[in-house]
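Asker: I need the structure of the sequence given here:
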Amino acid sequence: MTTRVLLAGAGGEAAGRHHQRDMFAPALAASGLLDVAGVWPGPVGADGYGRAGELAASLDVPVLADLGEALAGTDAVVACLDPDALDVLLDPAPAVPVILDKPALLGTERLAALAEDPRANRLVAAYHSRFHPGMVALAAIVRTGELGLPHALHGELLVPFGDGPTAEGDLRHVGVLALDAVAAVLGPPSGDVHAVCTATGDPATEAWTLTVLWHPGVVVTLLVSRGQPGVGGMLHRYRLMGSEGQVLVDLASPELTLVGEGTPVGYGPSPVQLELETLARGGGGTTMADLAAVSRLIDAAELSAADGRVQPLR
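Answerer: Prediction:
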């Protein structure tokens, strides 16, 4: 029996993205475990409200304007909603998992409030890097002590231009994928951070270098950047060093390059598909409390990049 998934909202229109159509719907279609039950457009006037009908038609599912009816016929929710529309979704305290796209954009204060909000106790973040099989294996290696005591982790994340630069900055849009993946391996951050941010190219895209004392005795370094328009390829890898060995995990592999296309294509289930299959069926992921800790690190990194000093997590 498949799990019925409600697509809540088609937000991101103002920012030029459509993750329900371009990311979540293809992952749901590729899964033999999940089915789209319908589309809830959100309250009238919500970001993306006008394109919810087009999304539903493309998937051959109904538009469910009544939230109570929509939730009654679903086992999980994938939400792309602006903050006000999210409040509307949470008002009936959904009893099913609610998988929220780009929650780091809500900011630390709002995330901390959601962590304490009983309406949001099934709310989880849609950051898929932690669900890559290589990252799952790396987290298991740390838990079992196979490499001894971890003392350093280095990560690199370079993404294509995609949606382009954003007002909130790429640390909250792109870097959070790497930070959440590291948190899946090492647990929540608790130490100091130093950050350097440069912006180059036309249009200017950001490149971040982070050095974090993640825990006492455990240093994390991350390089995060966005490529220029027309520059393909992706780099996403982590090297963990422990007292008894080290391991490299490449999240951009395995992949195939199609003849005539020249574009690498992932091999096997995508991390987004694995994420949805896990979270929609009640598996563990990033809670709002988990993400609030990462968001505090991002706050500290942004402050460090501005003043050049090492900053504590507040």
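Asker: from now on I want contacts and neighbour counts done on CA atoms only, so please keep to that.
Answerer: Noted.
Asker: SS state for the residue nearest in space to the middle of the chain?
Answerer: Taking C-alpha atoms, centre = their mean, the centroid of the chain lies closest to Tyr127, which sits 2.0 Å from it. Assigned with DSSP: H, G, I helix; E, B strand; the rest coil, Tyr127 falls in the coil class.
Asker: which residues touch it?
Answerer: Shown in contact with Tyr127 (C-alpha atoms under 8 Å, 6 or more residues apart in numbering): 101-102, 177, 180, 275, 286.
Asker: let me know the closest of these to Glu244.
Answerer: Among those, Asp180 lies closest to Glu244 (C-alpha to C-alpha), at 24.8 Å.
Asker: tell me the pLDDT at the closest one?
Answerer: pLDDT, Asp180: 98.
Asker: helix or strand: which one has it?
Answerer: Assessed by DSSP states H and E, Asp180 sits inside helix 176-186.
Asker: likewise Ala113?
Answerer: Using DSSP H and E, the element containing Ala113 is helix 108-116.
Asker: list the buried residues of that helix.
Answerer: 108, 111-112, 114-115 (16 or more other C-alpha atoms under 10 Å).
Asker: those helices in this protein, which residues are they?
Answerer: 19, 25-30, 52-59, 67-72, 83-90, 108-116, 133-144, 170, 176-186, 271-280, 288-307 (DSSP state H).
Asker: for those helices, give me TSV that also has distance to Gln246.
Answerer: Supplementary listing: the helices of the chain in TSV, determined by distance: least, C-alpha to C-alpha, whole Å:
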stretch	distance to Gln246
helix 19	36
helix 25-30	32
helix 52-59	45
helix 67-72	46
helix 83-90	42
helix 108-116	33
helix 133-144	10
helix 170	29
helix 176-186	14
helix 271-280	24
helix 288-307	25
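Asker: my guess is Leu153 contacts His215, does it?
Answerer: No: between Leu153 and His215 there is no contact under C-alpha atoms under 8 Å: 11.4 Å.
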